[in-house]
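Engineer: this is the structure alone, sequence omitted:
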Ligand code: UDP
Ligand code: MN
């Protein structure tokens with residue numbers, strides 16, 4: 001099918017950013033009819049991301065919005081102390097809602113450090129309302145996501161905060177554009193409890209379990225993994241930072 005995909009990626013400046021974005025862009029270079037909406041968590045766009053997007057040849061929208069200071073992680077903070085990528089994904093939602101009032105399409109939130117099988121995108125294109133599938137290496141388990149029988153969600157394979165109505169990772173679902181246009185005031189919500197962003201968004205959109213469209217009859221395939229790139233640490237002797245002058249900023 002030729003339904004367009006709107007792929008939303010928040011990204012922020014750190015030493016591993018280019019490696020992560022190269023890997024992601026090289027995945028997306030295999031997929032046709034996509035618009036990659038990349039939103040940097042910065043006060044201005046970086047050369048690094050600008051150049052990388054141009055060089056990829058992928059149709060894209062490049063924006064930036066800085067996470068407000070009160071919500072920013074401080075050195076030493078554990079990651080889960082704040083939601084990440086919220087303002088960036090919301091800016092992309094604004095952009096999509098303004099630009100695509102009459103269009104078809106499916107929206108997928110793609111964090112910049114995950115691993116995506118190109119097979120996944122065939123399934124996403126078929127989504128009518130909300131598509132759902134398991135995510136590998138997620139929720140503190142080998143995978144996390146729906147348990148399915150005959151193409152319906154019958155339960156959840158999860159061990160972390162099992163009270164969540166929809167215990168899924170950011171990369172475990174995709175939403176038809178129309179669902180987002182029908183609820184124009186629904187956004188990612190900073191007030192969500194830790195780990196509840198995804199579940200709360202679907203609840204706010206009025207989604208019920210019966211609305212969910214599993215990727216296949218049994219949800220037994222993993223096509224995306226919540227991989228995480230290890231934070232890079234310089235050796236204590238940091239001479240190389242002084243001698244390498246040609247890195248993009
Ligand atoms: N992110 C961001 N600003 C930050 C931290 C993260 O925009 O200060 C982005 C990041 O690039 C990624 C997404 O938000 O696309 C989720 O962040 P991360 O992968 O660090 O979180 P986790 O996978 O642990 O949930
Ligand atoms: Mn991540």
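Structural biologist: Thanks, I have it. In this text the structure is predicted, and so the values were computed from the model without any measurement. Ligands and ions are numbered 1, 2, ... in the order given.
Engineer: show me what from the protein comes close to ligand 2.
Structural biologist: 111, 113 (CB under 5 Å from the ion). C-betas here are computed from N, CA, C, even on glycine.
Engineer: any buried residues in the lengthiest helix in the chain, and which?
Structural biologist: When the chain is parsed with DSSP state H, its longest helix is helix 86-99. With burial defined by 16 or more other CB atoms under 10 Å, the residues of helix 86-99 counted as buried are 86-93, 95-96.
Engineer: again with stretch 66-86
Structural biologist: Buried residues in stretch 66-86 (16+ other CB under 10 Å): 67, 82-86.
Engineer: pick the one among those closest to ligand 2.
Structural biologist: The nearest member of the buried residues of stretch 66-86 to ligand 2, counting by CB to the ion, is residue 84 at 7.9 Å.
Engineer: so what's the closest one up against?
Structural biologist: Counting by CB atoms under 8 Å, 6 or more residues apart in numbering, residue 84 makes contact with 10, 73.
Engineer: then it would be within a strand, right?
Structural biologist: No: applying DSSP: H, G, I helix; E, B strand; the rest coil, one finds residue 84 to be coil, outside a strand.
Engineer: got phi/psi on it?
Structural biologist: phi -120, psi 140 (degrees, to the nearest 10).
Engineer: okay, residue 242: pLDDT?
Structural biologist: On the pLDDT scale, residue 242 is placed at 55.
Engineer: give the contact list for the residue of the chain at minimum distance from ligand 1.
Structural biologist: Closest residue of the chain to ligand 1, CB to the nearest ligand atom: residue 85 (3.0 Å). Residues counted as contacts of residue 85 (CB under 8 Å, 6+ apart) are 10, 41, 111.
Engineer: export the residues you listed to TSV and tack on secondary structure and neighbour count?
Structural biologist: What follows is the contacts of residue 85, written out as TSV (DSSP: H, G, I helix; E, B strand; the rest coil; neighbours: other CB atoms under 10 Å):
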residue	secondary structure	neighbour count
10	strand	26
41	coil	18
111	coil	22
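Engineer: returning to that earlier point: using CSV, lay out the buried residues of stretch 66-86 together with pLDDT.
Structural biologist: Shown next, in CSV, are the buried residues of stretch 66-86 (pLDDT from 0 to 100):
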residue, pLDDT
67, 97
82, 92
83, 95
84, 96
85, 98
86, 98
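Engineer: show me the helices in this structure, by range?
Structural biologist: Secondary structure of the chain by DSSP H: the helices cover 17-28, 47-56, 86-99, 119-124, 177-182, 197-204, 239-243.
Engineer: many thanks, we can stop here.
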